[in-house]
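Chemist: What follows is a predicted structure for the sequence shown.
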Amino acid sequence: MAKEQKVRFGFLGAGSIVIHRHALELSQNPDAELVMVYDPIKSRAQRLAETYGMKVAASENALISQKNLDAIVVATPNSEHARLTIAALQAGKHVLCEKPMATTLEDAAAMIRAAEKAGKKLMIGHNQCMMAPHLKAKELLKQGAIGDVLTFRSSFGHGGPETWSQDNGPHTWFFKKEKAYVGSMGDLGVHKAYLLPWLLGSDFVEAGAFIDTKAKRDEKGKPITVDDNAVCILRMANGIMGQLTASWTYGAKEDNVTIIYGSKGQMILGADPEYQVEVLLNNGERARYKVGAVATNTCQVKSGIPDLFVDCILDDLLPPFDGLKGYKALATVVACMQSATSKKICPVQNDLPKTGKKR
């Protein structure tokens with residue numbers, strides 16, 4: 001694609017993640033053009049279209065088949081990710097898909113193969129990696145700021161998706177297994193399942209987990225059909241081990257803190273709202289870095305993911321947050337779910353299955 005040409009975008013879904021991130025950030029990118037949107041709830045699509053001067057597509061297929069689109073953002077319920085991503089890739093579009101990328105490893109593998117066959121970019125919206133504190137942490141870890149990394153403790157919890165999604169209330173699709181597949185672990189835990197390997201330079205290979213529904217109720221007052229809390233123990237290929245916690249029941253205060261423990265000290269990310277990166281060494285030395293914040297539901301900051309996707313398309317670069325990394329994050333979630341069910345330590349299936357699911 002010529003550098004002077006803008007990347008023309010369509011959106012499948014007009015929910016909160018598109019409103020507050022994808023459409024907003026792409027509208028501020030001089031190399032992107034917002035063209036069309038589809039949402040089964042037409043009023044949502046119309047509101048987004050009016051905001052950015054887009055057209056409303058009559059159907060999913062009408063948008064996917066549009067010849068004047070270069071890329072499509074797939075931001076639908078999880079159960080639709082694979083079907084729509086594959087269709088868009090087969091139609092010759094680049095795809096930025098929300099996380100988790102699919103609801104089965106077979107579907108995730110089929111998405112990766114569809115991108116390879118089409119020769120198009122597939123990127124997964126794991127936005128935590130591009131947040132300023134995590135970029136700074138990766139730089140410091142590479143410099144050996146806390147020595148050899150030994151263990152970690154990472155948590156992501158808030159009051160639940162019913163407090164911020166466009167389906168505002170207990171009827172939200174996030175609470176329904178047939179649409180979401182997995183709850184807090186897929187909404188929040190998958191972020192850390194992606195972030196930690198990126199930060200620490202190794203894949204997760206074993207998982208043990210307790211995953212349960214503790215408090216959330218649907219619109220009928222019944223327990224939701226997905227988890228609202230997960231506590232997981234994970235081991236990496238390089239021997240680093242630690243705890244990952246995901247929760248939809250942290251109503252009083254959001255928690256998005258990661259602590260990394262090394263041979264020389266520890267690094268704390270996200271605990272201090274002013275100094276988001278703190279390094280505490282065993283010899284008593286301290287360093288604090290004011291580098292910006294990690295986005296929260298109540299305080300959004302620019303993620304950088306849509307801009308990076310545009311750059312990858314225009315410069316013909318491989319997306320750094322690609323389908324395979326998204327697959328491995330999903331594989332970690334799947335292993336945790338399997339562990340919770342079997343009450344055993346389970347391996348993380350990081351290798352793609354030999355054949356994808358036929359469609």
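Modeler: The structure has been received and is ready for your questions.

Chemist: gap between the closest residue to Asn238 other than its chain neighbours and Ile233?
Modeler: Once flanking residues are discounted, Asn238 sits nearest to Ser202: 4.0 Å by CB to CB, 6 or more residues apart in numbering. For the C-beta atoms, the positions are set from N, CA and C on the backbone; glycine is no exception. To Ile233, Ser202 is 16 Å away according to CB to CB, to the nearest Å.

Chemist: hang on, the earlier thing: the residue nearest to Asn238 contacts Met241, correct?
Modeler: No - judged on CB atoms under 8 Å, Ser202 makes no contact with Met241 at a distance of 10.7 Å.

Chemist: hmm, who's touching whichever helix or strand Gly10 is part of?
Modeler: Using DSSP states H and E, Gly10 maps to strand 7-12. For strand 7-12, contacts defined as CB atoms under 8 Å, 6 or more residues apart in numbering pick out 1, 18, 22-23, 26, 31-39, 48, 54, 57, 60, 63-64, 66, 68-76, 80, 84, 88, 93-94, 310, 313-314.

Chemist: now stretch 165-184
Modeler: 14-16, 19, 41, 44, 77-79, 100, 103-104, 157, 160-162, 186-187, 213, 216-219, 224-230, 246-248, 333, 337.

Chemist: Quick one: buried ones out of these?
Modeler: Using 16 or more other CB atoms under 10 Å as the burial test, the contacts of stretch 165-184 include 14-16, 19, 44, 77-79, 100, 103, 157, 160-162, 186-187, 213, 216, 218, 224, 226-230, 246-248, 333, 337 as buried.

Chemist: from these, which ones fall inside helices?
Modeler: Ser16, Arg44, Val333, Met337 (DSSP state H).

Chemist: Let me have the residues you listed in JSON lines, adding pLDDT as columns.
Modeler: Converted to JSON lines, those look like this (pLDDT from 0 to 100):
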{"residue": "Ser16", "pLDDT": "94"}
{"residue": "Arg44", "pLDDT": "97"}
{"residue": "Val333", "pLDDT": "98"}
{"residue": "Met337", "pLDDT": "98"}
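
Chemist: And the helices in the stretch 151-300 of the chain?
Modeler: For the stretch 151-300 of the chain, applying DSSP state H, counting those that start in this stretch gives helices covering 177-180, 184, 190-200.

Chemist: now those helices as CSV including distance to Gly125, mean pLDDT and mean neighbour count?
Modeler: As requested, the helices of the stretch 151-300 of the chain are arranged in CSV below (distance: least, CB to CB, whole Å; pLDDT from 0 to 100; neighbours: other CB atoms under 10 Å):
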stretch, distance to Gly125, mean pLDDT, mean neighbour count
helix 177-180, 16, 97, 16
helix 184, 18, 98, 30
helix 190-200, 10, 97, 24
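
Chemist: who wins for proximity to His134 among the ones you listed?
Modeler: His134 sits nearest to helix 190-200 of all the helices of the stretch 151-300 of the chain, at 6.5 Å, using CB to CB.

Chemist: Would you mind writing the CA trace of the closest one as CSV?
Modeler: Extracted C-alpha coordinates of helix 190-200, given in CSV (Å, rounded to 0.1, in the frame of the first residue of the first chain):
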residue,chain,number,x,y,z
VAL,A,190,-6.0,-13.2,29.2
HIS,A,191,-4.4,-9.8,29.2
LYS,A,192,-1.9,-11.0,31.8
ALA,A,193,-1.5,-14.3,30.0
TYR,A,194,-0.3,-12.2,27.1
LEU,A,195,1.6,-9.4,29.0
LEU,A,196,3.7,-11.6,31.2
PRO,A,197,5.4,-13.7,28.5
TRP,A,198,6.0,-10.5,26.5
LEU,A,199,7.6,-8.9,29.6
LEU,A,200,9.6,-11.9,30.8
